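> here is a sequence together with a model predicted from it:
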Amino acid sequence: MNTNSFAGKSVIVTGGGAGIGRAVALRFAAEGAHVVVADINSVGAQAAVEELTAAGGTAVAAVGDLSDQQVVDRVVATAVEQYGGVDILVNNAGVMDAMTAAADVTDAEWERVIRINLTAPFLLSRAVVPHMLARGKGAIVNTASEAALRGSAAGTAYTVSKHGVVGLTKSLAAMYRNDGIRTNAVAPGATRTSILGARPEPGHGPAALAAYTANFGRVAEVDEQAAAIVFLASDAASNINGVVLPVDNGWAAI
(Lines give C-alpha, C1' and ligand atoms only; values in the text may rest on other atoms or scores of the structure.)
Protein backbone atom coordinates (compact mmCIF):
# COMPACT_ATOMS: atom_id res chain seq x y z
CA MET A 1 0.00 0.00 0.00
CA ASN A 2 1.25 3.45 -0.89
CA THR A 3 1.64 5.42 2.34
CA ASN A 4 4.19 8.00 1.12
CA SER A 5 6.30 7.10 4.15
CA PHE A 6 9.45 7.98 2.19
CA ALA A 7 8.10 10.95 0.25
CA GLY A 8 10.98 12.97 -1.16
CA LYS A 9 13.67 10.69 0.29
CA SER A 10 16.69 9.82 -1.82
CA VAL A 11 17.47 6.11 -1.76
CA ILE A 12 20.30 4.10 -3.32
CA VAL A 13 19.56 0.40 -3.81
CA THR A 14 22.44 -1.77 -5.01
CA GLY A 15 21.63 -4.91 -6.92
CA GLY A 16 18.39 -3.12 -7.71
CA GLY A 17 18.02 -4.66 -11.12
CA ALA A 18 16.78 -8.05 -9.93
CA GLY A 19 15.71 -10.18 -7.00
CA ILE A 20 15.57 -8.68 -3.52
CA GLY A 21 17.02 -5.39 -4.71
CA ARG A 22 14.33 -4.89 -7.31
CA ALA A 23 11.61 -5.67 -4.78
CA VAL A 24 13.19 -3.16 -2.38
CA ALA A 25 13.35 -0.47 -5.06
CA LEU A 26 9.69 -1.04 -5.94
CA ARG A 27 8.62 -0.73 -2.31
CA PHE A 28 10.54 2.50 -1.78
CA ALA A 29 9.23 4.03 -4.99
CA ALA A 30 5.66 3.06 -4.10
CA GLU A 31 6.07 4.95 -0.83
CA GLY A 32 7.28 8.14 -2.48
CA ALA A 33 11.06 7.76 -2.51
CA HIS A 34 13.37 8.80 -5.33
CA VAL A 35 15.40 5.69 -6.14
CA VAL A 36 18.83 5.18 -7.67
CA VAL A 37 18.88 1.63 -9.03
CA ALA A 38 22.55 0.61 -8.95
CA ASP A 39 23.48 -2.62 -10.69
CA ILE A 40 26.28 -4.11 -12.77
CA ASN A 41 23.66 -5.35 -15.26
CA SER A 42 22.54 -2.43 -17.41
CA VAL A 43 19.56 -4.31 -18.88
CA GLY A 44 18.23 -5.27 -15.47
CA ALA A 45 18.79 -1.81 -14.02
CA GLN A 46 17.00 -0.08 -16.88
CA ALA A 47 14.13 -2.57 -16.79
CA ALA A 48 13.70 -1.91 -13.07
CA VAL A 49 13.66 1.84 -13.64
CA GLU A 50 11.03 1.44 -16.34
CA GLU A 51 8.91 -0.70 -14.02
CA LEU A 52 9.21 1.81 -11.19
CA THR A 53 8.35 4.80 -13.34
CA ALA A 54 5.46 2.99 -15.03
CA ALA A 55 4.03 2.47 -11.55
CA GLY A 56 4.27 6.20 -10.87
CA GLY A 57 7.59 6.22 -9.04
CA THR A 58 10.77 8.20 -9.59
CA ALA A 59 13.95 6.31 -10.43
CA VAL A 60 17.20 6.46 -12.33
CA ALA A 61 19.73 3.77 -13.18
CA ALA A 62 23.44 3.81 -12.29
CA VAL A 63 25.42 1.00 -13.85
CA GLY A 64 28.81 -0.46 -12.98
CA ASP A 65 30.93 -2.66 -10.72
CA LEU A 66 30.32 -1.34 -7.22
CA SER A 67 33.69 -2.56 -5.97
CA ASP A 68 35.23 0.14 -8.19
CA GLN A 69 35.64 3.44 -6.36
CA GLN A 70 34.93 5.44 -9.51
CA VAL A 71 31.61 3.64 -9.97
CA VAL A 72 30.72 4.22 -6.32
CA ASP A 73 31.50 7.93 -6.70
CA ARG A 74 29.29 8.07 -9.79
CA VAL A 75 26.39 6.30 -8.04
CA VAL A 76 26.49 8.69 -5.09
CA ALA A 77 26.91 11.71 -7.36
CA THR A 78 23.82 10.59 -9.27
CA ALA A 79 21.77 10.58 -6.07
CA VAL A 80 23.10 13.99 -5.03
CA GLU A 81 22.68 15.61 -8.43
CA GLN A 82 19.29 14.10 -9.24
CA TYR A 83 17.68 14.09 -5.80
CA GLY A 84 19.68 16.49 -3.64
CA GLY A 85 21.49 14.04 -1.37
CA VAL A 86 21.38 10.57 0.11
CA ASP A 87 18.91 9.64 2.86
CA ILE A 88 19.03 5.85 2.65
CA LEU A 89 21.54 3.33 1.35
CA VAL A 90 20.63 -0.31 0.83
CA ASN A 91 23.76 -2.42 0.28
CA ASN A 92 22.12 -5.43 -1.30
CA ALA A 93 24.23 -6.48 -4.30
CA GLY A 94 26.03 -9.79 -3.83
CA VAL A 95 27.25 -13.03 -5.36
CA MET A 96 27.40 -16.61 -4.12
CA ASP A 97 30.44 -18.83 -4.00
CA ALA A 98 30.61 -22.49 -5.05
CA MET A 99 30.18 -23.82 -1.48
CA THR A 100 33.96 -24.27 -1.53
CA ALA A 101 35.86 -25.42 1.56
CA ALA A 102 38.83 -23.30 2.64
CA ALA A 103 41.54 -25.59 1.29
CA ASP A 104 39.91 -25.56 -2.15
CA VAL A 105 39.13 -21.82 -2.49
CA THR A 106 40.99 -20.26 -5.41
CA ASP A 107 42.39 -16.75 -5.27
CA ALA A 108 39.94 -15.74 -8.00
CA GLU A 109 36.88 -17.01 -6.10
CA TRP A 110 38.01 -15.39 -2.84
CA GLU A 111 38.78 -12.03 -4.39
CA ARG A 112 35.55 -11.84 -6.40
CA VAL A 113 33.27 -12.75 -3.52
CA ILE A 114 35.00 -10.52 -0.96
CA ARG A 115 35.22 -7.61 -3.40
CA ILE A 116 31.54 -7.65 -4.32
CA ASN A 117 29.99 -8.73 -1.02
CA LEU A 118 32.15 -6.78 1.43
CA THR A 119 34.38 -4.21 -0.22
CA ALA A 120 31.54 -2.67 -2.23
CA PRO A 121 29.27 -2.10 0.82
CA PHE A 122 32.22 -0.54 2.65
CA LEU A 123 33.02 1.81 -0.25
CA LEU A 124 29.40 2.86 -0.60
CA SER A 125 28.94 3.38 3.12
CA ARG A 126 32.10 5.46 3.29
CA ALA A 127 30.87 7.56 0.39
CA VAL A 128 27.35 8.26 1.71
CA VAL A 129 28.13 8.92 5.38
CA PRO A 130 29.34 12.51 4.79
CA HIS A 131 26.08 13.33 3.00
CA MET A 132 24.06 11.83 5.85
CA LEU A 133 26.13 13.70 8.41
CA ALA A 134 25.38 16.93 6.57
CA ARG A 135 21.67 16.20 6.93
CA GLY A 136 21.96 15.01 10.51
CA LYS A 137 20.13 11.81 9.66
CA GLY A 138 20.37 8.69 7.54
CA ALA A 139 19.79 4.97 7.37
CA ILE A 140 21.93 2.18 5.95
CA VAL A 141 20.59 -1.34 5.57
CA ASN A 142 22.95 -4.13 4.56
CA THR A 143 21.96 -7.50 3.17
CA ALA A 144 23.93 -10.06 5.15
CA SER A 145 22.84 -13.71 5.04
CA GLU A 146 22.03 -16.72 7.12
CA ALA A 147 25.69 -17.47 6.34
CA ALA A 148 26.59 -14.45 8.46
CA LEU A 149 25.19 -16.21 11.54
CA ARG A 150 26.79 -19.62 11.21
CA GLY A 151 29.55 -21.50 9.43
CA SER A 152 27.34 -24.10 7.79
CA ALA A 153 25.21 -22.24 5.25
CA ALA A 154 27.70 -21.50 2.45
CA GLY A 155 31.28 -21.87 1.34
CA THR A 156 34.25 -20.20 3.00
CA ALA A 157 34.46 -17.05 0.88
CA TYR A 158 30.75 -16.26 1.08
CA THR A 159 30.60 -17.03 4.80
CA VAL A 160 33.56 -14.77 5.55
CA SER A 161 32.19 -11.98 3.36
CA LYS A 162 28.82 -11.98 5.11
CA HIS A 163 30.37 -12.16 8.58
CA GLY A 164 32.31 -9.09 7.45
CA VAL A 165 29.06 -7.37 6.50
CA VAL A 166 27.84 -7.92 10.06
CA GLY A 167 31.05 -6.36 11.38
CA LEU A 168 30.64 -3.39 9.05
CA THR A 169 27.03 -2.99 10.18
CA LYS A 170 27.91 -2.97 13.87
CA SER A 171 30.90 -0.67 13.41
CA LEU A 172 28.86 1.90 11.50
CA ALA A 173 26.08 1.69 14.08
CA ALA A 174 28.48 2.30 16.96
CA MET A 175 30.50 5.01 15.25
CA TYR A 176 27.57 7.13 14.08
CA ARG A 177 24.83 6.40 16.62
CA ASN A 178 25.07 9.93 18.02
CA ASP A 179 25.02 11.52 14.57
CA GLY A 180 21.55 10.41 13.53
CA ILE A 181 22.73 7.58 11.26
CA ARG A 182 21.34 4.11 11.87
CA THR A 183 22.84 0.97 10.33
CA ASN A 184 21.17 -2.42 10.40
CA ALA A 185 21.23 -5.63 8.40
CA VAL A 186 18.92 -8.40 7.35
CA ALA A 187 20.09 -12.00 7.25
CA PRO A 188 17.98 -13.72 4.59
CA GLY A 189 17.54 -17.44 4.61
CA ALA A 190 16.73 -19.34 1.44
CA THR A 191 15.04 -16.91 -0.93
CA ARG A 192 13.73 -17.27 -4.46
CA THR A 193 16.29 -15.12 -6.32
CA SER A 194 18.64 -15.42 -9.28
CA ILE A 195 21.82 -14.85 -7.23
CA LEU A 196 24.60 -16.48 -9.16
CA GLY A 197 27.62 -18.42 -8.04
CA ALA A 198 29.78 -21.07 -9.59
CA ARG A 199 28.04 -24.44 -9.76
CA PRO A 200 29.13 -26.52 -6.75
CA GLU A 201 31.17 -29.53 -7.79
CA PRO A 202 31.60 -32.71 -5.74
CA GLY A 203 34.15 -31.94 -3.05
CA HIS A 204 34.72 -31.42 0.63
CA GLY A 205 32.70 -28.21 0.92
CA PRO A 206 29.38 -29.37 -0.57
CA ALA A 207 29.69 -32.75 1.12
CA ALA A 208 30.37 -31.25 4.55
CA LEU A 209 27.55 -28.70 4.27
CA ALA A 210 24.84 -31.00 2.91
CA ALA A 211 23.60 -32.13 6.32
CA TYR A 212 23.23 -28.54 7.54
CA THR A 213 21.77 -26.74 4.55
CA ALA A 214 18.82 -29.13 4.45
CA ASN A 215 17.38 -27.27 7.47
CA PHE A 216 16.53 -24.02 5.69
CA GLY A 217 12.78 -24.70 5.56
CA ARG A 218 10.41 -22.71 3.35
CA VAL A 219 11.91 -20.66 0.54
CA ALA A 220 11.00 -16.98 0.98
CA GLU A 221 9.76 -14.65 -1.72
CA VAL A 222 11.84 -11.56 -2.47
CA ASP A 223 9.11 -9.24 -1.24
CA GLU A 224 9.33 -10.80 2.24
CA GLN A 225 12.98 -9.75 2.40
CA ALA A 226 12.17 -6.35 0.93
CA ALA A 227 9.53 -5.70 3.59
CA ALA A 228 12.11 -6.20 6.35
CA ILE A 229 14.69 -3.99 4.64
CA VAL A 230 12.25 -1.13 4.08
CA PHE A 231 11.06 -1.40 7.68
CA LEU A 232 14.62 -1.08 9.02
CA ALA A 233 15.12 2.03 6.88
CA SER A 234 11.88 3.61 8.08
CA ASP A 235 11.09 5.92 10.97
CA ALA A 236 9.13 3.03 12.48
CA ALA A 237 12.57 1.56 13.30
CA SER A 238 13.93 4.84 14.67
CA ASN A 239 15.47 3.24 17.79
CA ILE A 240 16.77 0.12 16.05
CA ASN A 241 20.50 0.36 15.35
CA GLY A 242 23.20 -2.27 14.92
CA VAL A 243 20.71 -5.14 14.58
CA VAL A 244 21.12 -8.16 12.33
CA LEU A 245 17.59 -9.37 11.65
CA PRO A 246 17.18 -12.97 10.44
CA VAL A 247 14.45 -13.23 7.82
CA ASP A 248 14.60 -16.98 7.49
CA ASN A 249 11.42 -18.64 8.83
CA GLY A 250 13.23 -19.61 12.02
CA TRP A 251 16.33 -21.23 10.49
CA ALA A 252 18.56 -19.23 12.83
CA ALA A 253 16.63 -20.61 15.78
CA ILE A 254 17.55 -24.23 14.99
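Received, thanks.

> all strands for the stretch 151-254 of the chain, in order.
Applying DSSP state E, counting those that start in this stretch to the stretch 151-254 of the chain gives strands spanning 181-188, 244-247.

> which strands or helices does the last one pack on?
Packed against strand 244-247 by the contact rule (3 or more CB pairs under 8 Å, 6 or more residues apart in numbering; DSSP states H and E) you find strand 181-188, helix 222-233. For every residue, glycine as well, the C-beta is placed using N, CA and C.

> which residue is nearest the centroid of the protein?
residue 92 (1.6 Å; CA atoms, centre = their mean).

> now that residue: how far from residue 211?
Residue 92 sits 29 Å away from residue 211, going by CB to CB, to the nearest Å.

> and the helices and strands packed on strand 244-247 as TSV, adding mean pLDDT, mean neighbour count and distance to residue 7?
As requested, the helices and strands packed on strand 244-247 are arranged in TSV below (pLDDT from 0 to 100; neighbours: other CB atoms under 10 Å; distance: least, CB to CB, whole Å):
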stretch	mean pLDDT	mean neighbour count	distance to residue 7
strand 181-188	98	26	19
helix 222-233	98	22	14
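
> so which of those is nearest residue 26?
Nearest to residue 26 among those is helix 222-233 (7.5 Å), distances taken as CB to CB.

> what's next to that closest one, contact-wise?
6, 11, 19-20, 22-24, 26-28, 31, 88, 90, 92, 139, 141, 143, 182, 184, 186, 188, 191-193, 237, 240, 243, 245, 247 (CB atoms under 8 Å, 6 or more residues apart in numbering).

> before we move on, which element is residue 29 in?
helix 19-30 (DSSP states H and E).

> distance from that helix to the middle of the chain?
Chain-centre distance of helix 19-30: 11 Å, with CA atoms, centre = their mean, to the nearest Å.

> and that helix, what does it pack against?
Using 3+ CB pairs under 8 Å, 6+ apart: helix 19-30 touches strand 10-14, strand 34-39, helix 42-54, strand 58-63, strand 88-91, helix 222-233.

> hmm, try it at 6 Å
strand 10-14, strand 34-39, helix 42-54, helix 222-233 (3 or more CB pairs under 6 Å, 6 or more residues apart in numbering; DSSP states H and E).

> mind putting the ones you listed into CSV with distance to residue 69?
Converted to CSV, these look like this (distance: least, CB to CB, whole Å):
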stretch, distance to residue 69
strand 10-14, 14
strand 34-39, 14
helix 42-54, 19
helix 222-233, 24
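
> could you point out which of those sits nearest residue 168?
Of all those, strand 10-14 comes closest under CB to CB, at 13.7 Å.

> tell me what angle the closest one forms with helix 222-233.
With axes from the mean of the first three to the mean of the last three CA atoms, to 10 degrees defining the directions, strand 10-14 sits at 140 degrees from helix 222-233.

> neighbouring contacts of strand 10-14?
With CB atoms under 6 Å, 6 or more residues apart in numbering as the contact definition, strand 10-14 has outside contacts at 21, 24-25, 28, 33-36, 38, 66, 79, 83, 85-93.

> hmm, try it at 7 Å
21, 24-25, 28, 33-38, 66, 75, 79, 83-93, 124 (CB atoms under 7 Å, 6 or more residues apart in numbering).

> just the buried members of these?
21, 24-25, 28, 33-38, 66, 75, 79, 83, 85-93, 124 (16 or more other CB atoms under 10 Å).

> which pLDDT value goes with the residue lying closest to residue 63 once chain neighbours are set aside?
Closest residue to residue 63 apart from its sequence neighbours, by CB to CB, 6 or more residues apart in numbering: residue 42 at 4.5 Å. The model reports residue 42 with a pLDDT of 97.
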